[in-house]
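Student: Task: produce atomic coordinates for the following.
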Amino acid sequence: MTDPAQAAATAAADAYPRIVATLIRVTGDWGLAEDCAQEALATALERWPRDGVPANPGGWLMTVARNRALDVLRRTSVEQRKLRELAVLAVTAATEEPEPEEEVVDDRLRLIFTCCHPALAMEARVALTLRTICAVPTADIARAFLVSESAMTRRLTRAKTKIADARIPYRVPGGAALGERLPGVLAVLYLLFTHGYNADGEPAFAEEAIRLARLLARLMPAQPEAAALLALFLLQHSRREARRDAAGDLVPLAGQDRSRWDHTAIAEAVTILAALDDGQEYGGPYELQARIAACHATAETADDTDWARIAGCYDRLAELQPSPVIELNRAVAHGYAHGPAAGLELLEQARRGGALDNYPLALAAEADLTARAGDSERAATLFLQAAERTHGESERRALVTRAAELLAP
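Tutor: Alright, predicted model coming up:
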């Protein structure tokens, strides 16, 4: 990669969370860590066009951020212990391999548990993690929560202040606190993965979610949902190479070239799920989702998919975590397991209350079920309506293509 701006952006996406997490651990100052990480990126954008992109952009950014933090701490006369610790970090080679214990619990995992402390409201936990771990712009987080950017900035500031004022420790908790904090951490990792797995998302986020899920599963071997989440990520991510055609357009699951799937990842996930099998048909929410994904991943062809088992998993998932989106997916599963009429009936039930009004995926699901029921013209209209409402360009093109296929002679 030779374009300095692109190199800086790519390195920042990968290195920013690691830099922030490391500096928070060393300095205990959240604001200082973020400021130094951002200043390192600004320095890169200034120097790299002139001096060239370094061989290790992420390591270069880490070193600059560490040195900047050291300068600030010296000027503020911070205690010598912290200065010495940061000074050691500042001269550590960027390519140094992690110590064995760092492979079990690293700074980013500690940071996730800090962000997910129960003293914070769930909305604050999610927003803080998206901003700090995923480096999602504050404006994008604000749009997701339907508030102004200034309001979201204030919320993030209040969350960081609460962490400092409450002296929330920057560590992975032990004992009962570890289990209590787990659901929030799993939810955040799920959001991180989704942010990277979405059609127009950044794949590095999905890969980071998988890495952190591995750490969490090793940290908590007695927690089946931690292992199930890792299996779910592996199964979903196994299709990454087959999700787009040569032109870059999305390919529906049924039309993907299954030889391009990552069968090593699929085998690992299936092994994880087999180890969780205790003779019961269903498990927790993440295990249910993983077993649904496994039905797709292990079918030799789309026609071989065990839709009856998928529909049963969604029935149980709807009991455990009732939501309009789960009911939508349940309708689709029943539509394939028991016919499009059954799916359309459940979809109509899911729409009661208006939560799915104008939701593009609900329109697309209705379009697919309608097409399978034989009404191609109405299905094409629904696909076009879904295309008008979707935000991603890849999804929009895919929906328009489906409509065109239905209308073709």
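Student: C-terminal to the strand or helix carrying A11, which secondary structure element comes first?
Tutor: Using DSSP states H and E, A11 maps to helix 4-27. Proceeding N to C from helix 4-27, the next assigned helix or strand is helix 30-51, under DSSP H and E.
Student: what does that following helix contact?
Tutor: 4-5, 7-8, 11-12, 16, 19-24, 27, 54, 57, 60-62, 64-66, 68-69, 72-73, 132, 160, 163-164 (C-beta atoms under 8 Å, 6 or more residues apart in numbering). For every residue, glycine as well, the C-beta is placed using N, CA and C.
Student: now stretch 285-304
Tutor: 186, 190, 224-225, 228-229, 231-232, 235-236, 238-239, 253-255, 258, 261, 266, 269-270, 272-273, 276, 282-283, 305-307, 309-310, 313-314, 316-317, 320-321, 333.
Student: buried ones in that stretch?
Tutor: 285-298 (16 or more other C-beta atoms under 10 Å).
Student: got it, and stretch 311-324?
Tutor: A311, G312, C313, Y314, R316, L317, A318, P324.
Student: Distance from the chain centre to stretch 229-246, please.
Tutor: 13 Å (C-alpha atoms, centre = their mean, to the nearest Å).
Student: tell me the average confidence for that stretch?
Tutor: Across stretch 229-246, the average pLDDT comes to 94.
Student: Narrow the contacts of stretch 285-304 to just the buried residues.
Tutor: The buried subset of the contacts of stretch 285-304 - by 16+ other C-beta under 10 Å - is 186, 190, 224-225, 228-229, 231-232, 235-236, 238-239, 258, 261, 266, 269-270, 272-273, 276, 283, 305-307, 309-310, 313-314, 316-317, 333.
Student: These in helices, which ones?
Tutor: 186, 190, 224-225, 228-229, 231-232, 235-236, 266, 269-270, 272-273, 276, 307, 309-310, 313-314, 316-317, 333 (DSSP state H).
Student: okay, and the helix or strand of the chain with the least pLDDT?
Tutor: helix 100-104 (a mean of 41; mean pLDDT, DSSP states H and E).
Student: Now the element after it, going C-ward?
Tutor: Taking DSSP H and E, what comes next after helix 100-104 is helix 107-115.
Student: Buried residues in the helix holding A11, which are they?
Tutor: 4, 7-8, 10-27.
Student: Output it in PDB with nothing but the alpha carbons.
Tutor: Provided in PDB are the C-alpha atoms of helix 4-27 (Å, rounded to 0.1, in the frame of the first residue of the first chain):
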ATOM      1  CA  PRO A   4      -0.400   7.600   2.500                       C
ATOM      2  CA  ALA A   5      -3.900   8.600   3.300                       C
ATOM      3  CA  GLN A   6      -5.300   5.200   2.600                       C
ATOM      4  CA  ALA A   7      -2.400   3.600   4.500                       C
ATOM      5  CA  ALA A   8      -3.100   5.800   7.500                       C
ATOM      6  CA  ALA A   9      -6.800   5.000   7.400                       C
ATOM      7  CA  THR A  10      -6.200   1.300   7.200                       C
ATOM      8  CA  ALA A  11      -3.600   1.300  10.000                       C
ATOM      9  CA  ALA A  12      -5.900   3.400  12.200                       C
ATOM     10  CA  ALA A  13      -8.800   0.900  11.800                       C
ATOM     11  CA  ASP A  14      -6.600  -1.900  12.900                       C
ATOM     12  CA  ALA A  15      -4.400  -0.100  15.500                       C
ATOM     13  CA  TYR A  16      -6.600   2.600  17.100                       C
ATOM     14  CA  PRO A  17      -8.400   0.300  19.600                       C
ATOM     15  CA  ARG A  18      -5.100  -1.400  20.500                       C
ATOM     16  CA  ILE A  19      -3.400   1.900  21.100                       C
ATOM     17  CA  VAL A  20      -6.200   3.300  23.200                       C
ATOM     18  CA  ALA A  21      -6.600   0.200  25.200                       C
ATOM     19  CA  THR A  22      -2.800   0.000  25.900                       C
ATOM     20  CA  LEU A  23      -2.600   3.600  27.000                       C
ATOM     21  CA  ILE A  24      -5.700   3.400  29.200                       C
ATOM     22  CA  ARG A  25      -4.100   0.500  31.000                       C
ATOM     23  CA  VAL A  26      -0.800   2.300  31.500                       C
ATOM     24  CA  THR A  27      -2.000   5.800  32.300                       C
END
